[in-house]
Structure formats: C-alpha cells, structure tokens
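Student: for reference, the sequence and a predicted model appear below.
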Amino acid sequence: MFEGYYGKEPFDLRLTALRLMRNLNKILLITLAGTLLFGGGYYVKNVLLHTEKEYAATSTYMVEYVNPPKQSGDYYINHMSWNTLVQSEEFLTAVEEQYKLLAASLEDGNDTISAEAAENFWENADLPSHVSATLPSDWNIPTTTVITEETELTTLLAAAVEAAMVNDMATITEAIAEVRVIDPGVSKEVVPDVRPVRAVILSALLSFFFAIVLFLLKELGEDSIWLPGSLRVRYGLKVLGTAGSPDYKENFKYLFADKRNIAVCPLDERIDSTQAVKVLKTLADQGCAPDARTAPGNGMESKEWTALPAPLLCPEVCQKLRETEGVLLLVPAGSHVGKRLEYVLDYLRQQGCCVTAAVLWDADETLLKLYYGLDFSQFRF
C-alpha cells in the first residue's frame, strides 16, 4: 500500500463548518420539505379532515365508603378501579336499564331527540368507548365522562350513568355505602387540542436538525478532498496547490525546475488532460517575459507537456510515465476521491512511477479563501 498518513488526519471542524455553509441551500430545502410533510400533514389530519364534532359531559360524585380510609394502607378505589368498574358488564347493564327508562320517557315530552333515535344509538354503540371514569384528586370524589357525536345523546347517556352510579354502584361494590351526584354533567362540544403553529415550528426544528445530521454523516462518509493540504497530509504528496492559488507558480518553479518533460496525468475521467495541459502551460508562463522563459536555472524554461489518459482508463500509460522526467497528477476536488486516489497511487508505485507533484483540480476557490482567511475583496461570492 502507498506510504500515506490517512489514519492520522484529525477532524477539521473549520472545514466541516464551511462545507455546512456552502450546502446551506440544500439543508434549507430538506428542512422545508420536512416542514411541509410533517407540519402540513398534522394540519391536514387535525384541521382539514377533522369534520366530525364530539360532545362530552362530565359528572362529579361524592362517595361514602363503608369503612372510610383514614390512613395509609386503608382500602379505597383508585383511578384504575373506577374506570374498570364503569366499563364492567354489570355496571353497563345497570346503565342500559336506566337508559331505557329515560328513553321511554322521551315519548311524552317535547325533547329534541326521539325515543327511536335513542334506541338506535344504544343498539349500534360500543358503550365502553363512550363511558370512562377518573379520580382527579380525592378518592371520595370520582368523575365519569360520556362522549358521543350528538349533544342530546350525550346528555341522555350521562343521565343514565349518573342514575346507575347512584342506584347500583353500592350494590356492585360492597365497599361503597352511598354515591350521590354533586355536579351533574352538561353536554359541551369537545374542542380538540390542535396547535398547528407549534406543529409547524417543531417540524421545522426537527427537520433542520436531521438535515444537519444527515449532511454530517454524508460529509464524513464520502472520503472527500477539498483542500490541497489533504493531499499532503493523507497521502504524502507534494502539492502545487490549485489552478487559482497564488503559490502555484512558485511551487511549480521549484518542483519542476530541472524537469523538461512533464507528463500530465488525471486521476480519473472527470478531468480532460488535453484541456488541463493548456491551462497549466498558461499558468506556468504567466507573468514571465518571452526571453525569461528560456533562461536557464529559473525553473520556467520551455517545457514539453504530454497529456496522458487516466491510469484507471488506460493502465498502459505507466510505460510513458516512467519515460518522463516529471509526473503531474491532477486530482479532482470533491466527494468519493480518496479511495480512488489510494488505488491509483498504489498502482503507480507497483509500476515504478514516481509522482513529482499533484494539483487539486476544479477546487472550490471560495471555500479555500474562506478556510485560509484570505482577503475577501479579491473574489466575489
């Protein structure tokens, strides 16, 4: 394997933060999608599609025990016991008898619900789902709640439950001496606790959080190369920089001063070596007078540039690389580059090809200037 330092590279918080900023538009897009999906779904389900109304009546009772509990450990009926009792078959049978008596009395009155409608409700209703009990505070003061989809039926059923509690509960449970109603139930519309604004805000926050987590997992798992220094730290390569870095020219003069034949070899098919040679020749000659380019010893004398295909596409290219004095490897900046570069470097080492230097190609120059803290006036966002 190549002589690199991949396992020793520390986590770069600054680079990760800058990459986060550079991908902020994608993160915000994911956040918006998550907000619309979850917050919008909550609104549609609980506001737009919630058209059925429900009515509830809560009755409060005073219970007298045969042996009133006076100290810890004494018997009393707790919250779960009350709910079990009012949903038991014995109690619901008593409610049925009281309900039928009340429904029969509707025939002679001028009520808003008929006896027939009351009877139909009883035949089709799942009574345990409509009746419940709880013990909000003191064990002597339980409450029952009746919920139906019609206010008149709620009032009628609540009255039947109250009558069963008063007349039959003491018979069902021997521990109870007497039950009386202290606050009869009044039918009221159930207003659902729907908070779409909070749901949207929560959806946005959670979507933003998970978008950042997904980005970090993606960024840390893509084996990316964004900085020229990563080529040196991870793989031990000498680096000229990028095509837009100010130190490229001096690095080229130093590393290729005594090399007249230069082979330009891209890492993979993402880079056109022929076009890259034109750019590199322009950069090498930039700022030099015509007579100075051929002056011996300055590192800028006329070079013979050879554009070669990528070793992954044409393994036979190693023969030409061995015949040249200098090898310039073009490494594309971006994701999923590291492992491919490891493979190519290992192959070139096996073939006896020595890489003189590398260039980070198509680099994000704005990211580099932000990372190294260069003058912001020298570039545009």
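Tutor: Looks like it arrived, so ask away.

Student: which neighbours does the longest strand along the chain have in its sheet, and in what orientation?
Tutor: For the chain, the strand with the greatest residue count under DSSP state E is strand 55-65. According to DSSP bridges, strand 55-65 has the following sheet partners: strand 143-148 (antiparallel), strand 176-183 (antiparallel), strand 188-189 (antiparallel).

Student: which strand or helix spans residue 215?
Tutor: In this assignment (DSSP states H and E), residue 215 forms part of helix 196-221.

Student: which secondary structure elements does the helix or strand just after that helix sit against?
Tutor: Sequence order places helix 228-235 as the next helix or strand after helix 196-221, per DSSP H and E. In terms of contacts (3 or more C-beta pairs under 8 Å, 6 or more residues apart in numbering; DSSP states H and E), helix 228-235 is packed against strand 239-242, helix 338-350, strand 357-361. In short, each C-beta sits where N, CA and C put it, glycine included.

Student: again, 10 Å this time
Tutor: strand 239-242, strand 326-332, helix 338-350, strand 357-361, helix 365-372 (3 or more C-beta pairs under 10 Å, 6 or more residues apart in numbering; DSSP states H and E).

Student: buried sites along the first one?
Tutor: By 16 or more other C-beta atoms under 10 Å, the buried positions in strand 239-242 come out as 239-242.

Student: name the next helix or strand downstream of it, please.
Tutor: helix 248-255.

Student: show me the shaky parts of the stretch 201-350 of the chain.
Tutor: For the stretch 201-350 of the chain, the stretches flagged by pLDDT under 70 are 285-301.

Student: residue contacts, residue 81?
Tutor: For residue 81, the contacting residues are 133, 135, 139, 142, 173, 175, by C-beta atoms under 10 Å, 6 or more residues apart in numbering.

Student: quick one: what helix or strand has it in it?
Tutor: helix 79-86.

Student: using CSV, write out every CA atom in that helix.
Tutor: What follows is helix 79-86, C-alpha atoms only, in CSV (Å, rounded to 0.1, in the frame of the first residue of the first chain):
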residue,chain,number,x,y,z
HIS,A,79,-58.4,5.7,39.3
MET,A,80,-57.9,2.4,37.5
SER,A,81,-60.5,0.7,39.7
TRP,A,82,-63.1,3.3,38.9
ASN,A,83,-62.5,3.1,35.2
THR,A,84,-62.7,-0.7,35.3
LEU,A,85,-66.0,-0.5,37.3
VAL,A,86,-67.8,1.8,35.0
